[in-house]
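S.K.: take a look and give me a structure for this.
(one chain, ligands or ions: 2)
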Amino acid sequence: MTTTEKPPEALAPLSLQPDRAFTDRLTELAGDSFSSCYQCGTCSVVCPFSAQGTHLPRQEMLFAQWGLENELLSSPNLWICTTCGNCARLCPREVDIPGTIRAARDLYVAARDIPRELSTAFESTSRHGNPLGQSARKRAAWASGAGVDVPVMAKLGRRVEVLFFTECYWSYHPRGIEAAQAMARVMAALGTDWAILGTEEQCVADSQRLAGETGLFEEAAAHNVETLRKYEFGRIVTPDPHAYNALRNLYPHYGGTYEVQHYTQFLAERMDDLELHAIPQRSVTFHDPCYLGRHNGEFEAPRRLLEAIPGVDLIEMGHCREDGYCCGGGGGGMWNSSFVADHVDERLAEVRVKEAIGTGADVLAVCCPFEVSLFEDALKSTGNDGKIVVRDIVELLDESHGPAPVAGGASAPG
Ligand code: SF4
Ligand code: SF4
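M.R.: Ligands and ions are numbered 1, 2, ... in the order given. The predicted structure is shown next:
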């Protein structure tokens, strides 16, 4: 170096410092488990989006640790996670990854514009009590087509054994209505003492909570707890694993403590009382809903129902039980499909139906109201329509408990 040359500038000190204010806000909402993350990357490998795009929960946990608010909240990844829980299941540091992502969404929803489809679902829930934007007055309209009596609590005026919490997709979605009507016929065949809330019921809103709208969830919980307080019942049965999760695990914090069962659990205890016959579809594969299986530990009840149908051969997919593959509908994914599709190579439901077809089964059986329409759409969008049939388990049971078919196609005399 000559004397005329200037000495090199001293390296500027690293300006990156953890933003404690942001990490404190996250910790308040989700606990501080994210601070234990040591960046092993397991979560990113097992996340179902890892092979479909850029969703990297490891990176999000790093942003959370450093309080990098803009990096965390501006990433499209924030809206892609379905809170399926596969990452948390395998994290060696027991980091609550979905809970941390949910907390970040909470902070985002409070301050910024969210994806349009999500905001539409939130507004519909707030205005109509359901994310489909349907009239609250028509919530029990499905019952008139069931072919059996569907009692309503307010009209019955007495205690029932089972209060059936129908939830939104079985109340309004055309394929959900078919399942709800099948459920009513099965309940009638069992002689169950049951009733629905009808127009008094509102969305449980657990998926809205997981998508960042805790306020909406709390309003819905207050309404539903107040309504349920008016009636006497033995237990709540619901077809929706998300409602099951909230009614069972969260409503006690809002003043509502109940015995809650998913409909597969309720029916699995009563299969001996139902006369079942063989159905045309013999080979069936089953998709575990994340919020029934991984989040609440119920893997057997749906399988017991399927295996109770004479002649049914249950073929498991490679991803099943604890290692089940998410359908893409949880955590707000049900209403966010265009946004997600713009950021992934293939939607999760599309990957999943291909796995189901690969088993060679005739039927893809489901027991979450989101899944029938997600999988049927995915069969169409992947050009696989007709290669497998998507049926709710209760539709198969309804088909199976009718009069035994006789030769020539006529029904047996009742
Ligand atoms: S698996 Fe757990 S410890 Fe490993 S990177 Fe993910 S959050 Fe961090
Ligand atoms: S909860 Fe599921 S979708 Fe979300 S980061 Fe974890 S594995 Fe991925």
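S.K.: what parts of the stretch 1-150 of the chain come near ligand 2?
M.R.: Contacts of the stretch 1-150 of the chain with ligand 2, taken as C-beta under 6 Å from any ligand atom, map to 47-49, 55, 57, 81-87, 97-98. The C-beta positions use only the backbone N, C-alpha and C, and glycine is treated the same way.
S.K.: among those, which pair sits farthest apart?
M.R.: Largest separation among those by C-beta to C-beta: His55 and Gly85, giving 14.3 Å.
S.K.: which residue ranges of the stretch 151-300 of the chain form helices?
M.R.: Listed in chain order, the helices of the stretch 151-300 of the chain (DSSP state H, counting those that start in this stretch) span 153-156, 168-172, 174-190, 206-210, 214-228, 241-249, 263-268, 300-308.
S.K.: now the shortest one: mean pLDDT?
M.R.: Predicted confidence along helix 153-156 averages 96 (mean pLDDT).
S.K.: can you give me the strands for the stretch 1-150 of the chain?
M.R.: Assigned by DSSP state E, counting those that start in this stretch, the strands in the stretch 1-150 of the chain number zero.
S.K.: if we can go back for a sec, among the helices of the stretch 151-300 of the chain, which is nearest ligand 2?
M.R.: Comparing the helices of the stretch 151-300 of the chain by their distance to ligand 2 (C-beta to the nearest ligand atom), the top pick is helix 206-210, with 9.6 Å.
S.K.: and stretch 73-82, how far apart are its ends?
M.R.: 16 Å (C-alpha to C-alpha, to the nearest Å).
S.K.: quick check: buried residues in that stretch?
M.R.: With burial defined by 16 or more other C-beta atoms under 10 Å, the residues of stretch 73-82 counted as buried are Leu73, Ser75, Asn77, Leu78, Trp79, Ile80, Cys81, Thr82.
S.K.: next one: stretch 348-365
M.R.: Under 16+ other C-beta under 10 Å, the buried positions of stretch 348-365 are 348-357, 359, 361-365.
S.K.: burial of Glu94, as a residue count?
M.R.: When counting by other C-beta atoms under 10 Å, one arrives at 10 neighbours for Glu94.
S.K.: which residues does the nearest residue to it once chain neighbours are set aside contact?
M.R.: What sits nearest to Glu94 in space, not counting adjacent residues and going by C-beta to C-beta, 6 or more residues apart in numbering, is Ser33, at 6.4 Å. Listed by C-beta atoms under 8 Å, 6 or more residues apart in numbering, the contact set of Ser33 reads Arg93, Glu94, Val95, Asp96, Gly99, Thr100.
S.K.: one more: Asp288?
M.R.: Asp288 neighbours (C-beta under 8 Å, 6+ apart): Arg294, Phe299, Pro302, Cys320, Arg321, Gly324.
S.K.: now compare these and name the two farthest from each other.
M.R.: Going by C-beta to C-beta, the pair spanning the contacts of Asp288 furthest: Arg294 and Pro302, at 13.5 Å.
S.K.: so these two - more neighbours on which side?
M.R.: Between Arg294 and Pro302, Pro302 has the larger neighbour count (other C-beta under 10 Å), namely 27 against 21.
S.K.: now the more buried one: how far from Thr264?
M.R.: 5 Å (C-beta to C-beta, to the nearest Å).
S.K.: can you work out which residues contact both of these two?
M.R.: With C-beta under 8 Å, 6+ apart, Pro302 and Thr264 have common neighbours Leu292, Cys367, Ile393.
S.K.: just give me the closest of the residues you listed to ligand 1.
M.R.: Looking across those and measuring by C-beta to the nearest ligand atom, the closest to ligand 1 is Leu292, at 23.6 Å.
S.K.: picking that back up, just checking: which of the buried residues of stretch 348-365 also lie near ligand 2?
M.R.: Within these, nothing lies near ligand 2 by C-beta under 6 Å from any ligand atom.
S.K.: just those now: which is nearest ligand 2?
M.R.: Leu348 (8.5 Å).
S.K.: tell me who's in contact with that closest one.
M.R.: Pro48, Phe49, Gln52, Thr82, Tyr325, Cys326, Cys327, Gly328, Gly333.
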